[in-house]
Every structure is written in structure tokens, then in C-alpha cells.
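Q: coordinates only, sequence not included:
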Ligand code: GAP
């Protein structure tokens, strides 16, 4: 897939009511987006898929909904006031600002691409007799590139770990990385920039307090750890899940809803015995990857990317990456956060946040495995994977969103063949029966072909056409989005046919 396809997905999102630029009539607000009538349904279905997989399928995971505003000391304790920074570099010619780490990561990804192209070319040349492992070990061009990449990688990982901003800049200079706009290497120094939005609570006359818009939902879970554990009589290991808005003053806010200033997270903190965290880390990696793959977009679209630089709170971390139109990108982070957060909140609040383990007969501060996924990034990955342009017989073409039926915004469109002879009334009758279970849409405008195309473009898995025969024998034709096949079925069978395919329960079963 290419940038070109990405542009088409962005305009498709707008044209069909999935995502709009925020404040568009005032020329927009950068990196802030609104979800339209289709987008909100898809987004809600993604959230339900996540929530049910966490809270329904795991007896020991419960949910909460904490406030966006929190006591400002929380962000001191979490490290966000002092360490929630991006290393930024400016190009003096284009006057554009970039994340220095992203520039270097993109450079390394380009070397990887070169290596893979070399391997692909050779695979084509040698056909079935091709031994990829041997080729990678012996081909001089591949070896040279691997060495180049490994050297940069080692320097990069060390610079990040040492928080060495000068070295980050030096890597950019030594690798001759140019600004994508000006094409020059006229770089400033690398500087740190805090990403939290601040505002004031209370009137200025009383002495207002500076508060932050939360940059992650996780801290709302940590500070409620004991509330939930005690009132829910939870036994370790157990998890607390939450879906909610988060805010970051991203400097390099690009790529549509991939990096936004206001976004939504689905986070789960799983509290475990100290010493058992890496076992649970492996388990949650496995559970989360199954959840992604169950959507059926193809296993090759996902991979893990283990972190070189561990955040100040983590002893293991990985990303689930998805192949977006602009390359493999992080959709979810899975972190082993040790007891950093709970211990830090104990220290700053002066309150004990410990658990008495009846089996061990002792108290301890639990360790935490976190799974954290962005709703909007997940939305973008689903849209990217589902978007298809198809050539049809007779020179026609269609754009179809091959969304998993359980996530589709509209499950069923009911279309009277003509706007008369009692067909609209019959169509309405069908909707009136089905609307309690499925989001339905009625459409009587334009030819039936055009109406099918409209439903394809929003990913509706089923179109039901009501014709004159329907009035006589209570049957309709049902058309399947992906195959475009049609069959005649009894109206009273519709609910069962549709329920089976769009069921969230059936989708959830495939995650186990
Ligand atoms: N509590 C851990 C945490 O927040 P993170 O890796 O910073 O970790 C987790 O964020 C997820 O949130 C990311 O994998 C991504 O899906 C989403 N996310 C982070 N920043 C985002 C942004 N500016 N716009 C959209 N999604 C974002």
C-alpha cells in the first residue's frame, strides 16, 4: 500500500461520514478530529470489542471510568512533569520541527527496506531453489547494509538510554539525514519539550491551581487501585480496564488520526505478584495479538516490536505494530511497569497502596503489566485494512469496506425496489422488527445498483431488497457485501441469518 491509498482512505473517511476535521468551518484545528455518523458507530463497536474481551472474558478484570482532571501531584509522581518529553530538532531552512528519534527510526527502516528488496529480487531470480537464510548470511550488499543498520541502532539505543541529546543530533548528521521538505541538513540542536496540556482550576482570585489534561488514562487506574481491590474484593492477579480520552501537545502531529492532540485510549493494568511479571507479560502479549488477528485481516499485517529504550518505569516493553499504508506502526503498547507507579504514588501521597496476599501471608506492592491501545489508531488500522477498490465485470468498479461484520456501522440496509406499490411500507415493517437488534438503514433513492455501492462504501455486510414478490410470499433477496451474491430468503429467517454473522459473541470466541 502507498501514500496514495492513504490519501484515498482519508477522503473516503470524510465523504462517507466517518471522520471530519475538527472546527472545519473555521479552517480546522490541527491534529484534532471529529467522528461522524458512521465513524462513531465503528468506533463504538471497536470499543465494545475491546471492553468485552477484557471485562466479559476475564473474570478477574473489572472496568472503571475515572475523571480527566486529576490532582496535579499525580503527574509529578508518574514522572510526566519531569520526563514526559520528546527530543525535538528543527530544520533551519524549512522551519519545520521533527522528533529526532523518529528521523533516526525512519532512516533505519529505509535500510531494512533495502535489505528486503535485495532478498525479494534474489528470490525471484532463483525461484524455488532460493535459500533465504543462506542469502542473508552471505550476500555482500545485504551484509553491508545489516552492519550499517546495526551500528546506527547500537548508537541510537545508547543515546536514548543515556538521554544524550547531542549524540542524537550527531547520529542525524553522520547518517546524512535530510529534511524531507527542504532537502537540507541544516539542523538545530536537539531539545526536550513537555507534552502535557495545562489549564487552571478555580477562580484566579482564590489562587487557581494548575491542573493538567491527562496524557494517559493509566494513572486514573493506579490511584484507584485500592478502592477497586477493597470494594470488589479482588485477589491478585487481577486487572482494571478503562476507556477514555487523553491529551498530548504533540509537536509532530501528522498522518490524520494516527497522532492526535486529543485521542482515546483503552488501557488495562494487570496487578501481579512481584517476580511473576515477566510470565504475565508473555501471556498478555499472546492474548492481545490473538485479539488483533481475530479480525481476519491477515496475520502478516501484525508484528511485535520490542523496545530498545525502556521507559523509566518498565522492565520489558513491546509494541504491537500494524501495517498501515505508510508502513508498520505502533497501535498498542504492552509494558511491564514493575511497581514503579504504585510505589511512587505511595511516596507522593503518603498513603499505603499495598496488597495483603493471604496465600503468602504477607503484604507487598504489586507489579503491573499494562496493555495500552489507542482507539483512533485501531480505527485507522481497521479502515486501512478494510478499504478495497475492486474492478467488476463490465468495466465497472466499486469501493468496498470489508469490515468485520461485528464492527460494521450499519449491519443491514433495507431497500424497496421501487418507491410505490406498498414496497416502502413492507421495507419499513422489516426494519421495525429488526431495529432492536441491528443498526439498520432504509434507502429508496436512486437505482438499486447505486444503493448497493453506497452501502459497500460504508461496509454494510447485508442489503435486503424488497420487491413485488415479497408482498406475495414474504421473501426478500439478501445480498452479501463481499461476494455480491444474492439469494432469496424468507423474511422471518432474516434475524437469524444476520445475527449469526454480525455477532460480537462469535467474534470474541475466535480470540480465545
Ligand atoms: N499508558 C501508557 C501509554 O500511554 P503510549 O505508548 O504513550 O503508552 C499508548 O500510548 C497508545 O496510545 C499508543 O500505542 C497509541 O495507540 C495511542 N496513542 C498515543 N499517543 C497518541 C496520539 N498522539 N494520537 C493517537 N493515539 C495515540
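A: Received, thanks. None of these values were measured; they are calculated from a predicted model. Residues are numbered from 1 along each chain as shown.

Q: buried set for stretch 42-52?
A: 42-43, 45-51 (16 or more other CB atoms under 10 Å). All C-beta atoms are positioned from the backbone trio N, CA, C, and that covers glycine.

Q: who's in contact with it?
A: 18, 35, 63, 241, 243, 264, 266, 291, 373, 375, 378-379, 382-383, 403, 406-409, 459, 504, 507-508 (CB atoms under 8 Å, 6 or more residues apart in numbering).

Q: report the helix or strand with the lowest average pLDDT across the protein.
A: Least confident helix or strand, the chain: helix 80-83 with a mean of 84, by mean pLDDT, DSSP states H and E.

Q: would you mark the buried spots in that helix?
A: Neighbour-count burial for helix 80-83 [16+ other CB under 10 Å]: 80-81.

Q: tell me what the following helix or strand past that helix is packed against?
A: Next helix or strand after helix 80-83 toward the C-terminus (DSSP states H and E): strand 85-90. Helices and strands touching strand 85-90, by 3 or more CB pairs under 8 Å, 6 or more residues apart in numbering; DSSP states H and E, are strand 97-99, helix 100-126, helix 165-174, strand 191-194.

Q: closest to the ligand out of the ones you listed?
A: Evaluated over the helices and strands packed on strand 85-90, closeness to the ligand peaks at strand 97-99, with 11.6 Å, by CB to the nearest ligand atom.

Q: partners of the closest one, with directions?
A: strand 85-90 (antiparallel) (DSSP bridges).

Q: quick one on the thing from earlier: tell me the one of the buried residues of stretch 42-52 nearest residue 368?
A: The shortest gap between residue 368 and any of the buried residues of stretch 42-52 belongs to residue 50, at 18.6 Å (CB to CB).

Q: helix, strand, or coil at the closest one?
A: helix (DSSP: H, G, I helix; E, B strand; the rest coil).

Q: what does the stretch 151-300 of the chain put close to the ligand?
A: Counting by CB under 6 Å from any ligand atom, the residues of the stretch 151-300 of the chain close to the ligand are 216, 218, 248, 250, 259-260, 263, 265, 267.

Q: can you tell me which of these are buried?
A: Buried, going by 16+ other CB under 10 Å: 216, 218, 248, 250, 259-260, 263, 265, 267, out of these.

Q: what bits of this protein have low per-residue confidence?
A: 1-2, 204-206, 252-253 (pLDDT under 70).

Q: please report phi then psi for the residue of it found nearest the ligand.
A: For the chain and the ligand, the shortest gap (CB to the nearest ligand atom) falls at residue 374, measuring 2.5 Å. Here is the backbone geometry of residue 374 (degrees, to the nearest 10): phi -90, psi 130.

Q: which strand residues bridge it?
A: Beta bridges link residue 374 to residue 265, judged by DSSP bridges.

Q: counting neighbours, what do you get for it?
A: For residue 374, the count of nearby residues is 23 (other CB atoms under 10 Å).

Q: thought it was touching residue 264?
A: Yes. Residue 374 is within contact range of residue 264, at 7.0 Å (criterion: CB atoms under 8 Å).

Q: so which of the buried residues of stretch 42-52 comes closest to residue 91?
A: Distances from residue 91 to the buried residues of stretch 42-52, taken by CB to CB, are shortest for residue 43, at 35.5 Å.

Q: where's the closest one, which helix or strand?
A: Residue 43 belongs to helix 37-51 when assigned by DSSP H and E.

Q: same deal with residue 415?
A: strand 412-416.

Q: can you list the neighbours in contact with that strand?
A: Outside strand 412-416, the residues touching it (CB under 8 Å, 6+ apart) are 423-424, 426-428, 430-431, 434, 438-444, 448, 451, 455, 460-466, 494, 498.

Q: re the thing from before, pull the distance from the least confident helix or strand of the chain to the chain's centre.
A: 25 Å (CA atoms, centre = their mean, to the nearest Å).

Q: again with stretch 200-216
A: 30 Å.

Q: number the residues from 6 up from this point.
A: Right, with 6 as the first residue, what we last looked at is stretch 205-221.

Q: any idea how far apart the tips of it sit?
A: 19 Å (CA to CA, to the nearest Å).

Q: cool, stretch 462-470 as well?
A: Using CA to CA, the end-to-end distance of stretch 462-470 comes to 18 Å.

Q: residue 395 and residue 401 touch, don't they?
A: No. Counting by CB under 8 Å, residue 395 does not reach residue 401; the two are 9.3 Å apart.

Q: between those two, which has more neighbouring residues?
A: residue 395 (13 against 10).

Q: leaving aside the residues adjacent along the chain, what's closest to residue 77?
A: Using CB to CB, 6 or more residues apart in numbering and skipping residues adjacent in sequence, the residue nearest residue 77 is residue 216, 5.5 Å away.
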